[in-house]
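Student: predicted model and sequence follow; I will ask about them next.
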Amino acid sequence: MNKFQYFIICTLVGLITSCGSQQQDKGVKKTSLEIEVEDLDHILMSATSVKDVENILENHPEMIRYYFSDFEGDKPALSGQLFQITQNPDFQAFSLQVDSIIGNRKNEILEPLAQAFGAIHNQFPSFKSPRVIFIKTGFLGNDLYVSDSLVVIGLDYFGGPQATFRPNVFDYQLRRYHKENIVPAILYYIAESYNKQNPREQSLLDDMIGIGKSFEFVKQIMPSCPDSIIIGYSADNLRRAYNSQQDIWAFMINNKLLYEKNTLVKEKYIGERPIVAEMGPEIPGGIGRWIGWRIVNKYVSEHPEITLSELMAQSDANKILQEARYKGEKDEEE
C-alpha cells in the first residue's frame, strides 16, 4: 500500500461513539502473540557514512522493494538521501520529538498490536504475527507497509499536531496521523487478507460492503477502539453522518447508485474527498464507506451467531444487504 491510503482518523468522545456502530464483544479471547521487532530508525541514525546506509539497506532488501516503493532513484541514491536526512540536525531534533510524542513503543504500539494479533489468531488459526520494523525517514518512505509477513511503521508520520513537521497532505487528512491510528490502520489492511469479495461484482454496493467488512473486522478485534478512529471521521463528521443517514440512503436509492459500476462515479462516494458535494456540504467524504459499515453492522446484529471468520468469508453483498434490512435508520429506531 502507498502513503496516505488508509482511512482511519481522530478520537471520538464516548457519546458519539455510542451513536455509531453498536458492537458486541463476540468472546474474543484476551491472548497475545509474540512479535519480532526491529528499531531500524535507531540503526539508520547510528550510520556514519553513506556506505553504512547502503549496508543497512543491503541487509533489508524488503525495505527497498516495499517501503520505499515510491522512491524513483536507485539504491545508491536512496542511501545517499537517507544519510543526508538522518545527519540533518533539524531531522535529529524532529526524531527525538516524535519519540517523545509516541512514548514507549512497547506500551503504546507493540502490546496493543500483540493483543490484536492474538485475537486474530483466535478467529483465524493460520494467522502468524508479521515482523514489525520501526523507521523514520523524514517522509521519504511510505506511512505504513503491511503484508502477512512484514509491517513497517513510519513513525515520523504519526507525530500528530504537536510535531514540528507533518506529512504533506490536505488538512482533512492530517487528523488521521496520530499514534492512536497506527494499530487500527494495520488491522484494516490485515483484514483484506480475509475479506472475500465476488470478483465478478464490481458495483458500488460491493465496494461499500467490502470496506464495511474490513471496518467491522477492526472493531471486533479491538472492541474498545472508537468508531472515529476506524472509519476516519472527526467527531463532527461522524455526528453529521449518523444524523443524516436516512437522507443519505434515500439519495443512494433514488439515484440508483448501489449497482453503479462506473469507477469515476463510485469514487465520488467512497474516495478521498473533504465532502460529498453531490449530497451537500454537510456530508463528509467517503460516506459510502460509512454506509457500507452500517449495513454490515446491521447484518451482524441480525445474525448474532455469525463469527468474524464467517462474516469475512461472506462474499455476497446483496445477501448482506437484504438480510441486514438496513433502511437508513438510527440505532434507537431499530
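Tutor: That came through, no problem.

Student: mind checking the SS state of the closest residue to residue 146 other than its chain neighbours?
Tutor: In space, and not counting its chain neighbours, residue 146 is closest to residue 189: 4.0 Å by C-beta to C-beta, 6 or more residues apart in numbering. Using the backbone N, CA and C atoms, a C-beta is placed for each residue, glycine as well. At residue 189 the chain is in helix, as set by DSSP: H, G, I helix; E, B strand; the rest coil.

Student: just the one 5 residues further on next, same as before
Tutor: With three-state DSSP as the basis, the three-state label of residue 194 is coil.

Student: and the residue nearest to residue 146, how many neighbours does it have?
Tutor: 18 (other C-beta atoms under 10 Å).

Student: test my guess that it contacts residue 142.
Tutor: No - counting by C-beta atoms under 8 Å, residue 189 does not reach residue 142; the two are 11.8 Å apart.

Student: against residue 38, how distant is residue 215?
Tutor: According to C-beta to C-beta, to the nearest Å, residue 215 stands 30 Å off from residue 38.

Student: and the next helix or strand past the lowest-mean-pLDDT helix or strand in the chain?
Tutor: When each helix and strand of the chain is scored by mean pLDDT, DSSP states H and E, helix 14-19 comes last, with a mean of 31. Counting by DSSP states H and E, the next helix or strand C-terminal to helix 14-19 is strand 37-39.

Student: which of the residues in that next one are buried?
Tutor: Neighbour counts over strand 37-39 (16 or more other C-beta atoms under 10 Å) mark residue 37 as buried.

Student: the strands in this protein, which residues?
Tutor: 37-39, 131-135, 144-146, 150-154 (DSSP state E).

Student: where's stretch 194-202 relative to the chain centroid, distance-wise?
Tutor: Between the centre of stretch 194-202 and the centre of its chain there are 19 Å (C-alpha atoms, centre = their mean, to the nearest Å).

Student: report the buried residues of it.
Tutor: Applying 16+ other C-beta under 10 Å to stretch 194-202 flags 194-195, 197, 201 as buried.

Student: what are the contacting residues of that stretch?
Tutor: For stretch 194-202, contacts defined as C-beta atoms under 8 Å, 6 or more residues apart in numbering pick out 124, 206, 209-210, 213-214, 217, 261, 309, 312-317.

Student: restricting to C-alpha, output it in PDB.
Tutor: Extracted in PDB, the C-alpha atoms of stretch 194-202 (Å, rounded to 0.1, in the frame of the first residue of the first chain):
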ATOM      1  CA  TYR A 194      -9.600 -12.500   4.900                       C
ATOM      2  CA  ASN A 195     -12.100 -10.300   3.200                       C
ATOM      3  CA  LYS A 196     -13.800 -12.300   0.400                       C
ATOM      4  CA  GLN A 197     -15.500 -10.500  -2.400                       C
ATOM      5  CA  ASN A 198     -17.000 -11.600  -5.600                       C
ATOM      6  CA  PRO A 199     -14.600 -10.500  -8.400                       C
ATOM      7  CA  ARG A 200     -17.400 -10.600 -10.900                       C
ATOM      8  CA  GLU A 201     -19.300  -8.000  -9.000                       C
ATOM      9  CA  GLN A 202     -17.800  -4.500  -9.000                       C
END
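
Student: for that stretch, the averaged confidence score.
Tutor: Stretch 194-202 carries an average pLDDT of 93.

Student: ok, now stretch 254-261?
Tutor: Per-residue scores along stretch 254-261 average to 97.

Student: residues in contact with residue 121?
Tutor: Taking C-beta under 8 Å, 6+ apart, one finds 31, 33, 127-128 in contact with residue 121.

Student: oh, I was asking about residue 274
Tutor: 170, 172, 284-285.

Student: go through stretch 144-163 and flag the buried ones.
Tutor: Buried, per 16+ other C-beta under 10 Å, within stretch 144-163: 144-146, 150-160, 163.

Student: ends of that stretch, what's the gap?
Tutor: 18 Å (C-alpha to C-alpha, to the nearest Å).

Student: ditto for stretch 149-164
Tutor: Rule used - C-alpha to C-alpha; the end-to-end distance of stretch 149-164 is 32 Å.

Student: can you tell me the number of residues neighbouring residue 173?
Tutor: With other C-beta under 10 Å as criterion, residue 173 counts 16.

Student: I'd say it and residue 272 touch.
Tutor: Yes - Residue 173 is within contact range of residue 272, at 7.3 Å (criterion: C-beta under 8 Å).

Student: any stretches of the stretch 1-150 of the chain with poor pLDDT?
Tutor: 1-30 (pLDDT under 70).

Student: one more pass at 50, please.
Tutor: For the stretch 1-150 of the chain, the stretches flagged by pLDDT under 50 are 1-28.

Student: tell me where it has helices.
Tutor: 14-19, 40-45, 50-58, 61-62, 75-86, 89-102, 105, 111-123 (DSSP state H, counting those that start in this stretch).
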